[in-house]
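In: Build me a model from this:
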Amino acid sequence: MSYLQQAEQSPETERIFDAATKGLGYLPNFTRLFAHSPAAYLAWQQLNSAVKADMELRRYELATLAAARALKSSYCGLAHGTILRDKFFDASTVAAIASDHGSAGLSAQEVAVVDFAGKVATDASSVAEADIAGLRSHGLDDTEIFHVILAVGVRCFFSTVLNAAGAVPDPHYKESLDADLRQALSFGG
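Out: Below is the predicted model of the structure:
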């Protein structure tokens, strides 16, 4: 599951395990990992939900996948690539987005969002006013741009925690994704 030993069971861990299992149909390895700090897990869920609530889901998922790729997070790549496949694209398009989003048939605005999200995840200090102006030229307002930044920031936290702790992606992804898509979404961590 991860480099860390299983957290000790408590009423609080049982609650988060039950909620995760009820919501997904299985207990994800990331939930097992966050049993070491249920309060941090619940705070992350609340923050992530707040960020998602104010964004178009497709944009959120594209920005999140871009961040996962930049952070070399296979776990998050597999999770959010699955959502993109299930809700927005076919498997071959998601694989193309994961490997070369600029030629995957995305709109110019979506390509700009994915480029920007990757830059924020890789080196947020390198973002300049010209990057923001570029997103504005593709029709995003400042609130929409801020939400892309928030989505990437949330993903940076989560992916970094999973990668540093050695969290292994759930077996569910091996069962639910074809081999080509699984390979395309496996970014290294």
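
In: So which bits of the helix or strand harbouring Phe158 are buried?
Out: Assessed by DSSP states H and E, Phe158 sits inside helix 142-165. By neighbour count on 16 or more other C-beta atoms under 10 Å, the buried set for helix 142-165 is 144-145, 147-156, 158-159, 161-163, 165. For glycine as for every other residue, the C-beta is placed from the backbone atoms N, C-alpha and C.

In: With stretch 99-109 instead?
Out: Applying 16+ other C-beta under 10 Å to stretch 99-109 flags His101, Ala104, Leu106 as buried.

In: Now do the same contact list for the second one.
Out: Contacts for Ala104 were tallied using C-beta atoms under 8 Å, 6 or more residues apart in numbering; they are Thr93, Ala96, Ile97.

In: Dump the residues you listed to TSV, plus neighbour count, distance to Thr31 and secondary structure.
Out: Output for these, formatted as TSV (neighbours: other C-beta atoms under 10 Å; distance: C-beta to C-beta, whole Å; DSSP: H, G, I helix; E, B strand; the rest coil):
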residue	neighbour count	distance to Thr31	secondary structure
Thr93	16	29	helix
Ala96	18	31	helix
Ile97	29	27	helix
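
In: Nearest to Pro11 among those residues?
Out: Ile97 (41.3 Å; C-beta to C-beta).

In: Let's see the pLDDT reported for that closest one.
Out: At Ile97, the model reports a pLDDT of 97.

In: now Leu4
Out: 86.

In: Kindly report the same for the one 4 residues further on.
Out: On pLDDT, Glu8 comes in at 90.

In: and what of Gly189?
Out: 58.

In: same check, this time on Met1
Out: pLDDT, read off for Met1, is 74.

In: Compute the number of surrounding residues for the residue nearest to it when sequence neighbours are not counted.
Out: Closest residue to Met1 apart from its sequence neighbours, by C-beta to C-beta, 6 or more residues apart in numbering: Asn29 at 4.8 Å. Each residue near Asn29 was counted by other C-beta atoms under 10 Å, and the total is 20.

In: what about the helix or strand containing Val114, average pLDDT?
Out: Using DSSP H and E, Val114 falls within helix 108-123. Mean pLDDT, helix 108-123: 98.

In: what residue ranges in this protein score low on pLDDT?
Out: 189 (pLDDT under 70).

In: So which residue is dead centre in it?
Out: Thr64 (4.0 Å; C-alpha atoms, centre = their mean).

In: just the angle between the host helix or strand of it and helix 108-123, please?
Out: Applying DSSP H and E as the criterion places Thr64 in helix 57-70. Counting by axes from the mean of the first three to the mean of the last three C-alpha atoms, to 10 degrees, helix 57-70 points 40 degrees away from the direction of helix 108-123.

In: Just want the angle from helix 57-70 to helix 142-165.
Out: Using the same axes, to 10 degrees: helix 57-70 against helix 142-165 is 40 degrees.
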